[in-house]
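Colleague: just a sequence and a predicted model for now, questions to come.
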Amino acid sequence: MSRIVGVKAYGWDWSTEHGLDMAGAARRMVDQKVDWVLAQNLVDPLPGSAVDQRPPAGAYGDREWTARLQDQGLRVYQSTACFFQPDEFADHVQLRPMDQHGMVFEPFSWYVGICPTDPKYLARKAERLGAAVSETQPDGVFLSFLRFPGFWEMWLPDAEGFTGTRREDIREYCFCERCLGLFSTWSGADLGTGSISERAGLILRDLRAQWTTWKCTVVADVALALRERVREVIPTADVIVNGFGLGHDDFGNAVEEVLGHRFAELDRAADHYELMFYFQIQKRDPLTWIPERVAEVRRETGRTILADLQAGAEYTDAIYAPGRRRQEITVKDWLDALRGVARSGADGVLVYSWRDLLADQASGGERVRRLIEYKSGDLD
């Protein structure tokens, strides 16, 4: 199988900044050797993070955008934000997660996590995603923010002169009464009648393995339910699951224990995995990090693996200054990341985001040329 190149096509820069119409934007992707497009829509819109969600007036339509991409032979995956919904967090108190200390989730910067076990919310999400798929007729869907709450971008490794994140400082969710009740029923464990923090302490001390398995089962069950809803509309639709570059040795296996991701469970719903290797955000060396993590994942799943690379620097505002991140991604950094993917044996690369590739082409196109070299096998 030839290497896959995908892009997260979020925002409207292709129209507002680069003057492309929908057909022209699709042709530009083909010129960049893109195969898969993770798109947004207005039926089940992505909440704003660092992405401008306002479409250009008169220059965009959900169905037409998908159709123009498909006309060029591109596979289109409609993206949905499973458990990142600031409006829902604000409007429904029962969605606000509770940590192991009995404290309600406190939003920081753009990220607002919600509890993944509320059945009414899950029904609303499934219905909205089904409507988006019916309207746009994509090839599949991308399940993003599919996790128990955790602002993992803030978890940083130790470095010379820098003390990174400690596992004990990471807040874990969710210990709300609903989650505690569901876990007790699932596990058969008597949690007693103590406070939330007391029952959480019992779980983390005596029932850690069962708690982690339950969390991973919850996340996978949600993914499977969304897959089934999508396939009621398009029986052939496939599913990309939003995954992580974090491995079992990172922050005390937080990828499973905190976020609830286990491939043995997620394989029930996923055809493909996208692993976020945001090397500048997470302060990692992509040449070594990506091959090591992909090798770990290969031992756990046979599904398609796409290494998701950031093409532009993020988290550079003053609020993130304590992390001491680099303020740019150089051409060399980008080349190292692509080489890391090539050496890893991943099935392809996914770029966050397409706007960065468009900006690169407007200023010479070095990163796009390197991406094409990766696809052709010239960076092995």
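Modeller: Sure, I can see it. On a predicted model such as this, the values are computed, not experimentally measured, just so you know.
Colleague: every contact and neighbour count from this point should use C-alpha atoms.
Modeller: Will do.
Colleague: tell me where the chain has strands.
Modeller: Assigned by DSSP state E, the strands in the chain fall at 4-9, 36-39, 75-81, 140-144, 238-244, 272-277, 304-310, 348-352.
Colleague: partner residues bridging residue 239?
Modeller: residue 141 (DSSP bridges).
Colleague: that one and residue 361: what is the separation?
Modeller: Here residue 239 is placed at a distance of 30 Å from residue 361 (CA to CA, to the nearest Å).
Colleague: higher neighbour count, those two?
Modeller: Using other CA atoms under 10 Å, the more surrounded residue of residue 239 and residue 361 is residue 239, with 24 against 15.
Colleague: which ones are touching that one?
Modeller: By CA atoms under 8 Å, 6 or more residues apart in numbering, residue 239 lies in contact with 140, 141, 142, 143, 227, 269, 270, 271, 272.
Colleague: what is the nearest of the residues you listed to residue 154?
Modeller: Closest approach between these and residue 154, by CA to CA: residue 143, at 21.4 Å.
Colleague: quick check: closest non-adjacent residue to the closest one.
Modeller: Leaving aside its chain neighbours, residue 143 sits nearest to residue 241 (5.1 Å; criterion: CA to CA, 6 or more residues apart in numbering).
Colleague: could you check how far the one you found is from residue 380?
Modeller: From residue 241 over to residue 380 (counting by CA to CA), the distance is 27 Å.
Colleague: so which of those two has more stuff around it?
Modeller: residue 241 (23 against 14).
Colleague: that one: what's it in contact with?
Modeller: Residue 241 neighbours (CA under 8 Å, 6+ apart): 142, 143, 144, 146, 270, 271, 272, 273, 274.
Colleague: residue 155 is nearest to which of the strands of the chain?
Modeller: So among these, strand 238-244 is nearest, using CA to CA, at 12.3 Å.
Colleague: is it true that residue 89 touches residue 95?
Modeller: Yes. Assessed by CA atoms under 8 Å, residue 89 is found in contact with residue 95 at 5.9 Å.
Colleague: quick one, what contacts residue 215?
Modeller: Residue 215 touches 148, 257, 260, counting by CA under 8 Å, 6+ apart.
Colleague: among those residues, which are located in helices?
Modeller: Mapping those onto helices (DSSP state H) picks out residue 257.
Colleague: which one among the contacts of residue 239 gets closest to residue 319?
Modeller: residue 143 (28.2 Å).
Colleague: let me see the ranges of the helices in the stretch 201-350 of the chain.
Modeller: Using DSSP state H, counting those that start in this stretch, the helices found in the stretch 201-350 of the chain span residues 208-233, 254-257, 263-266, 279-282, 286-298, 331-344.
Colleague: rebuild those as TSV, extending it with mean pLDDT and distance to residue 183.
Modeller: Output for the helices of the stretch 201-350 of the chain, formatted as TSV (pLDDT from 0 to 100; distance: least, CA to CA, whole Å):
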stretch	mean pLDDT	distance to residue 183
helix 208-233	99	7
helix 254-257	99	14
helix 263-266	99	17
helix 279-282	98	32
helix 286-298	98	27
helix 331-344	98	37
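Colleague: want to try a markdown table for those helices, with distance to residue 45 as columns?
Modeller: Conversion of the helices of the stretch 201-350 of the chain to a markdown table gives the following (distance: least, CA to CA, whole Å):
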| stretch | distance to residue 45 |
| --- | --- |
| helix 208-233 | 16 |
| helix 254-257 | 26 |
| helix 263-266 | 24 |
| helix 279-282 | 25 |
| helix 286-298 | 30 |
| helix 331-344 | 30 |
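Colleague: how far out from the middle of the chain is stretch 325-339?
Modeller: 20 Å (CA atoms, centre = their mean, to the nearest Å).
Colleague: could I get the buried residue list for stretch 290-307?
Modeller: 290-294, 297-298, 301, 303-307 (16 or more other CA atoms under 10 Å).
Colleague: ok, so of those residues, who is nearest residue 112?
Modeller: Distance to residue 112, by CA to CA, is smallest for residue 307 among those, at 24.8 Å.
Colleague: report pLDDT for that closest one.
Modeller: Listed pLDDT for residue 307 reads 99.
Colleague: list the beta-bridge partners for it.
Modeller: residue 275, residue 349.
Colleague: just checking, it touches residue 279?
Modeller: No. Under the criterion of CA under 8 Å, residue 307 makes no contact with residue 279, lying 11.2 Å away.
Colleague: buried set for the helix or strand of the chain with the lowest mean pLDDT?
Modeller: Across the helices and strands of the chain, the lowest-confidence element by mean pLDDT, DSSP states H and E is helix 13-16, at a mean of 92. Across helix 13-16, burial judged by 16+ other CA under 10 Å covers 13, 14, 15.
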